[in-house]
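J.: quick one: sequence and predicted model below, then my questions.
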Amino acid sequence: MARVLLFGRLSDVAGWRLREIDSPLLSTLLTTLAEEDAALGEALSGPGVQVALDQVIVRGDAPLNTATEIAFLPPMSGG
Amino acid sequence: MARVLLFGRLSDVAGWRLREIDSPLLSTLLTTLAEEDAALGEALSGPGVQVALDQVIVRGDAPLNTATEIAFLPPMSGG
Amino acid sequence: MIRLTFDPIDPGGLLNEFSRGRLEVGAVATFTGLARAEAGATVALELEAYPGFTEAEIGKIAVQAKARFGLEDFAILHRVGKIAPGDPVVFVATAARHRRAAFEACDFLMDYLKSKAPFWKKEHGPNGARWVEPRPEDHADLTRWDKEISK
Amino acid sequence: MIRLTFDPIDPGGLLNEFSRGRLEVGAVATFTGLARAEAGATVALELEAYPGFTEAEIGKIAVQAKARFGLEDFAILHRVGKIAPGDPVVFVATAARHRRAAFEACDFLMDYLKSKAPFWKKEHGPNGARWVEPRPEDHADLTRWDKEISK
């Protein structure tokens, strides 16, 4: 069970901030989330959304293990 | 009796900061001071020394009255 | 020092703590960003950070700033959560031997924090809330520093 | 606010007092100048002002800065008398709606205060005291602002 975190407007769209979800790959996790909630699926694939695995920004697909923390980061507004 | 004020290194040269001296003109005051203390006379005519009468910088000679405050200001160092 | 806090920031206490015992520093510059009421259009500001990640990203830039401007030290404190108008949102202090370096480093850090640091900002108004994107001038402010490099 | 004081300056207290209740300001920049020990070469700094005249001359520049940078407010506190290494010599705070104006005005005021304000400065060292003249770079800092006008 990896920890999935949503930030900014993504958590408003989803209605949650933190969930534990079991998925072997980042791509399969995205598919699962989009099937469950089409609006969230669209928001996650929107422009400027970055993905951090264990607090490191990644591009492309990646394997997930049970301890992985996956954060979806919409465009940052600055403080 | 006008109030004469010396600032910065001028008061170190003269050994005083504030005196009351009677003189009809700025030029006569300078002559009096230089006759009394040649080192001070030289310091007062040195480069960059400004004169303020009642807190306003003046150039050239000026009449003094008994209430006038005359300040000799060596080059300012900033704070 | 880089810290996020849900509690109100005390800029004065931070400035005195930061300045204490600095016998050779000479120059301390600070910036305090206050939440603006926007004539009632903003009832509260809400800032979200990603704990750990946000401090680490700020840290990368702060280390750059320290080297680039020859800073002796820096302090960055950023409020998160709901912030009332007039309350401090961010406090940055920089210490250097000469004031030019202290000013420029503080300015540089603020340009980064206001435009690219990992925060998500929501403005709560009388008619609801909206997420804020960075202003174009925030990005323009930040590119000033790139231009200076290529001069 | 422009004030000279023989007593120690409390930059933190001044910053909090200056920032309090500013609902529309957004940006507060400060600069604190600390006396440097210069590795023991300076035992104390001594600053002399011409009370009344010094505040008035600073006031002329501060009014210019307020107009030029669109400041909401400023505070300038300058220590006079004998100052120990590490103690604050000068504190300047500026408040503006946006941070660029606050930073630039604070920088501008400091350039003036450090190079041309009516103070006379003596450095007391282990082998006696000497009067200090402004450094060439202080004047160079100040001319930056003239160049910007003619751009």
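T.: Sure thing, it's come through. If you're wondering where the values come from, they're calculated on a predicted model, not measured in any experiment.
J.: give me the neighbour count for residue 68.
T.: All of this refers to chain A. Using other CB atoms under 10 Å in any protein chain shown, the number of residues around residue A:68 comes to 17. Bear in mind the C-beta positions are built from the backbone N, C-alpha and C, glycine included.
J.: hmm, no, I was thinking of chain C.
T.: 15.
J.: the helix or strand harbouring it: what's the following helix or strand?
T.: In the assignment (DSSP states H and E), residue C:68 maps to helix C:53-69. Beyond helix C:53-69 on the C-terminal side, the first helix or strand identified by DSSP H and E is strand C:73-79.
J.: angle of that next one against helix C:53-69?
T.: With axes from the mean of the first three to the mean of the last three CA atoms, to 10 degrees defining the directions, strand C:73-79 sits at 150 degrees from helix C:53-69.
J.: quick one: distance of strand C:73-79 to the chain centre.
T.: Distance of strand C:73-79 from its chain centroid, counting by CA atoms, centre = their mean, to the nearest Å, is 7 Å.
J.: equivalent analysis for stretch A:49-69, please.
T.: 8 Å.
J.: contacts for that stretch, please.
T.: With CB atoms under 8 Å, 6 or more residues apart in numbering or on different chains as the test, stretch A:49-69 has contacts from A:1-3, A:5, A:10, A:22-27, A:29, A:43, A:70-75, C:50, C:52-53, C:56.
J.: got phi/psi on residue A:35?
T.: Backbone torsions for residue A:35, taken as degrees, to the nearest 10, come to phi -70, psi -40.
J.: identify the spatial nearest neighbour of it, chain neighbours not counted.
T.: residue A:41 (7.5 Å; CB to CB, 6 or more residues apart in numbering or on different chains).
J.: buried set for the helix holding residue C:68?
T.: C:53, C:54, C:55, C:57, C:58, C:61, C:62, C:65, C:66, C:69 (16 or more other CB atoms under 10 Å in any protein chain shown).
J.: dump the residue contacts of the fifth one.
T.: With contacts taken as CB under 8 Å, 6+ apart, residue C:58 has the following neighbours: C:2, C:76, C:78, C:112, C:113, C:117, C:118.
J.: pLDDT and neighbour count added to those, as CSV?
T.: Listed next are these as CSV, based on pLDDT from 0 to 100; neighbours: other CB atoms under 10 Å in any protein chain shown:
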residue, pLDDT, neighbour count
C:2, 97, 16
C:76, 98, 26
C:78, 98, 24
C:112, 95, 25
C:113, 96, 23
C:117, 95, 23
C:118, 96, 24
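J.: show me the two of these that sit farthest apart.
T.: Greatest spatial distance in the contacts of residue C:58: C:76 and C:118, 13.2 Å, computed using CB to CB.
J.: quick one, grab the pLDDT at residue 8.
T.: Answering for chain A, as no chain was given. Listed pLDDT for residue A:8 reads 95.
J.: nope, chain C please
T.: 97.
J.: grab the nearest non-local neighbour of it.
T.: Nearest to residue C:8 is residue C:87, by CB to CB, 6+ apart, at 6.2 Å.
J.: residue C:81 too?
T.: residue C:6 (4.4 Å).
J.: list the contacts for that neighbour?
T.: Residues in contact with residue C:6 (CB under 8 Å, 6+ apart) are C:79, C:80, C:81.
J.: burial of residue 10, as a residue count?
T.: You didn't say which chain, so I picked chain A. That count, for residue A:10 with other CB under 10 Å as the rule, works out to 22.
J.: oops, I was thinking of chain C
T.: 16.
J.: show me the contact partners of stretch A:14-22.
T.: A:1-7, A:11, A:29, A:32-33, A:37, A:40, A:43, A:66.
J.: rerun at 7 Å
T.: Contacting residues not belonging to stretch A:14-22 are listed as A:1, A:2, A:3, A:4, A:5, A:6, A:11, A:29, A:32, A:37, A:40 [CB atoms under 7 Å, 6 or more residues apart in numbering or on different chains].
J.: same question, stretch C:16-23
T.: Stretch C:16-23 is touched from outside by C:28, C:75, C:93, C:95, D:11, D:12, D:32, D:34, D:36, D:37, D:85, D:86, with contacts defined as CB under 7 Å, 6+ apart.
J.: how long is that stretch end to end?
T.: Distance across stretch C:16-23, first residue to last, is 14 Å (CA to CA, to the nearest Å).
J.: stretch C:45-54: which residues count as buried?
T.: Applying 16+ other CB under 10 Å to stretch C:45-54 flags C:45, C:46, C:47, C:48, C:49, C:50, C:53, C:54 as buried.
J.: any residue of it up close to chain A?
T.: Yes. For stretch C:45-54, a contact with chain A is found by CB under 7 Å from any CB of the partner chain, at C:47, C:48, C:50, C:52, C:53.
J.: who's in contact with residue A:48?
T.: Applying CB under 7 Å, 6+ apart to residue A:48 gives the contacts A:74, A:75.
J.: let me know the pLDDT of residue C:26.
T.: Looking at residue C:26, its pLDDT is 94.
J.: out of the residues of stretch C:45-54 next to chain A, the closest to residue D:142 would be?
T.: residue C:47 (38.4 Å).
J.: just list whatever residues bridge to the closest one.
T.: For residue C:47, the beta-bridge partners are residue C:81, residue C:121 (DSSP bridges).
J.: just the ones in strands from the contacts of stretch C:16-23, please.
T.: Within those, residues falling in strands by DSSP state E are C:28, C:75, C:93, C:95, D:32, D:34.
J.: where's the closest residue to chain B within chain C relative to residue A:73, distance?
T.: Among the residues of chain C, residue C:99 lies closest to chain B, at 11.8 Å counting by CB to the nearest CB. Residue C:99 is 37 Å from residue A:73, where distance means CB to CB, to the nearest Å.
J.: now swap in residue C:126 and tell me
T.: Counting by CB to CB - residue C:126 and residue A:73 are separated by 29 Å.
J.: who has more neighbours, those two?
T.: Neighbours per residue (other CB under 10 Å) separate residue C:126 from residue A:73, with residue A:73 holding more: 20 against 8.
J.: hmm, that one is touching residue A:7, no?
T.: Yes. Under the criterion of CB atoms under 7 Å, residue A:73 makes contact with residue A:7 at 5.4 Å.
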